[in-house]
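Visitor: 3D, please:
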Amino acid sequence: MDEAFPVRDHFKSHVIDGTTISKRGAWWSAVLLIQDPRSGKPFVKLYRWEKKGDAWKARSTYKVTRISQLRETLRALEAYADQVAAIRRSGKHGGGMAPLRNSSKLAKKREIERAPPNARRPAIRIQLPSRKR
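Guide: Now for the predicted structure:
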C-alpha cells in the first residue's frame with residue numbers, strides 16, 4: 001500500500017492490503033482486503049471516494065464476504081471486460097446501440113455459461129501486489 005486509504009476509523013487498523021484502481025481529479029477508486037474487526041474474517045471491499053475540500057468521502061462501496069461471491073463477481077467482471085473489448089474492437093459502440101443488460105441473447109449466454117451446481121469449476125486465483133514496507 002503506497003498511501004493510507006480514507007476508510008472509517010473502525011477499519012483503519014484492519015486494512016490488510018489494498019490496490020488503487022484509479023485516482024483522478026476528485027475521484028479515487030480502490031479494492032481493499034480488510035479483516036473484520038469483530039469476527040476476524042477477511043473480506044474484500046470496493047470503494048469509490050470523492051474529494052470534498054480536504055477530505056475524501058465514500059460515495060459507493062461493495063463488500064464481498066464469501067469466497068463464492070468473490071469468484072462470481074470476478075467471473076462477471078471478466079465476461080464484461082471481454083464484451084467491452086469486443087464491442088470496442090468492432091467499432092460499434094456508438095450512441096445508437098441498445099443496452100446489453102436487457103438483451104435476451106445475453107440472458108441465454110449466461111444460462112449456457114452457468115455450470116450445474118455440482119460441477120467442479122476451475123479456481124480463479126487473484127494475485128495481489130506484494131505489500132511494500
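Visitor: pLDDT on the top helix by length along the chain, on average?
Guide: Counting by DSSP state H, the longest helix found in the chain is helix 67-90. Average pLDDT, helix 67-90: 91.
Visitor: Residue 81: how many residues sit nearby?
Guide: 10 (other Cβ atoms under 10 Å). In this view, the C-beta of every residue, glycine as well, is placed from N, C-alpha and C.
Visitor: and if you look at residue 11?
Guide: Neighbour tally, residue 11, other Cβ under 10 Å: 15.
Visitor: How about it: what's its closest non-neighbour residue?
Guide: Excluding the flanking residues, the one nearest residue 11 by Cβ to Cβ, 6 or more residues apart in numbering is residue 34, at 5.5 Å.
Visitor: what about the one you found, helix or strand, and which?
Guide: Using DSSP states H and E, residue 34 falls within strand 27-35.
Visitor: Give me the contacts around that strand.
Guide: 5-7, 11, 14-23, 41-51, 56, 128 (Cβ atoms under 8 Å, 6 or more residues apart in numbering).
Visitor: Looking at those, which are in strands?
Guide: Among those, the members found in strands (DSSP state E) are 15-23, 42-51, 56.
Visitor: For ChimeraX, what selects the buried ones among these?
Guide: Buried members of those, defined by 16 or more other Cβ atoms under 10 Å, are picked up in ChimeraX with:
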select :15,18,43,44,45,47,49,56
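Visitor: Pull out the buried positions in stretch 70-89.
Guide: residue 71.
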